[in-house]
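A.B. asks: next one to model:
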Amino acid sequence: MSKSLKVFLCIAAFSLLLFCCYTLYNYSILSLRVKFADDQTLIFDEAANQAMQGSPQEAIKCLEYVISYYPSGSKQELGSSLDILVERARANTIKIIIDHLRSETKLDLGNSPKAWIDHYTR
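C.D. replies: Now for the predicted structure:
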């Protein structure tokens, strides 16, 4: 085997090793972000369930928690697909809680969580 062929094979093997390490690193980061997104959406589901079972005051606490729990860009890269997915789940949970409050209290303070929170915390 010629010396130039050995050099080429060493460079190719090293390049392949670097590519494998890079791919493993990216996969690990993606797996971690997916786990974070799963945890976040699970927390939102639990908050919605807790709000449905409690008093309006308890629902307001759940609403505040959902709004403040790891805002967009804190656990996920801002604007990423996973961030968008988490924010969609957050918005849906907020809507569920507000719909529940509207149904339980017979009040209609609109769709803004701030209006509901202000009404119950003044």
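A.B. asks: what's in contact with stretch 37-54?
C.D. replies: 58-59, 62-63, 65-66, 69-70, 75-76, 82, 85-86, 89-90, 92-93, 96-97, 100-101 (C-beta atoms under 8 Å, 6 or more residues apart in numbering). (Each C-beta comes from the backbone N, C-alpha and C, glycine too.)
A.B. asks: and the residue nearest the centre of the chain, how far from residue 36?
C.D. replies: What sits nearest the mean C-alpha location of the chain, by C-alpha atoms, centre = their mean, is residue 86, with 3.4 Å. Applying C-beta to C-beta, to the nearest Å, the value for residue 86 to residue 36 is 8 Å.
A.B. asks: selection in ChimeraX covering whichever of the contacts of stretch 37-54 are buried, please.
C.D. replies: Restricted to buried positions by 16 or more other C-beta atoms under 10 Å, the ChimeraX selection for the contacts of stretch 37-54 reads:
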select :59,62,63,65,66,69,75,76,82,85,86,89,90,93,96,97,100,101
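A.B. asks: hey, where'd the helices end up in this structure?
C.D. replies: Assigned by DSSP state H, the chain shows helices spanning 3-53, 56-68, 81-105, 113-121.
A.B. asks: sounds good, over and out.
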